[in-house]
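*Asks:* A predicted structure for the sequence below; I have some questions about it.
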Amino acid sequence: MAVAEGAKIDADAVIASVMKMPGNMRSSMQKDVEVGNAPELDAIAGPILRGAARHSIEVPATKKLQAAVERKAGYAESLRA
């Protein structure tokens, strides 16, 4: 999706960076959901989902993760774009 939007990325470097993160590291969204705060789904997943729709790109992992966060946060309706 990033390439379709014109970004130049090194996927191997991104993956290598993620693999170096501590195993117990938590995202701010995970921390928000754990304490009952609303997760920033539109700010994080929204651009990916909207960009994917613009370029007719399937992003099943993002959709699956968004749905899981919505369930965990107790959302009654989806925030999907």
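*Replies:* Cool, the structure landed.
*Asks:* in this protein, which helix is the longest?
*Replies:* helix 60-73 (DSSP state H).
*Asks:* what about that one, distance to the chain center?
*Replies:* 8 Å (Cα atoms, centre = their mean, to the nearest Å).
*Asks:* dump that helix to CSV, restricted to CA.
*Replies:* Output of helix 60-73 as CSV, limited to C-alpha atoms (Å, rounded to 0.1, in the frame of the first residue of the first chain):
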residue,chain,number,x,y,z
PRO,A,60,-6.8,-8.5,5.0
ALA,A,61,-4.3,-8.4,7.9
THR,A,62,-5.2,-4.8,8.7
LYS,A,63,-8.9,-5.6,8.5
LYS,A,64,-8.4,-8.6,10.8
LEU,A,65,-6.4,-6.6,13.3
GLN,A,66,-8.9,-3.8,13.3
ALA,A,67,-11.8,-6.2,13.9
ALA,A,68,-9.9,-7.8,16.8
VAL,A,69,-9.2,-4.4,18.4
GLU,A,70,-12.9,-3.5,17.9
ARG,A,71,-14.0,-6.7,19.7
LYS,A,72,-11.4,-6.3,22.5
ALA,A,73,-12.5,-2.6,23.0
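*Asks:* what comes up buried for that helix?
*Replies:* Neighbour-count burial for helix 60-73 flags T62, K63, L65, Q66, V69, E70, A73 (criterion: 16 or more other Cβ atoms under 10 Å). Where C-beta positions appear, they are placed from N, C-alpha and C, glycine not excepted.
*Asks:* make a markdown table out of these and add distance to S28.
*Replies:* A markdown table is the format used below for the buried residues of helix 60-73 (distance: Cβ to Cβ, whole Å):
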| residue | distance to S28 |
| --- | --- |
| T62 | 17 |
| K63 | 20 |
| L65 | 14 |
| Q66 | 15 |
| V69 | 12 |
| E70 | 17 |
| A73 | 13 |
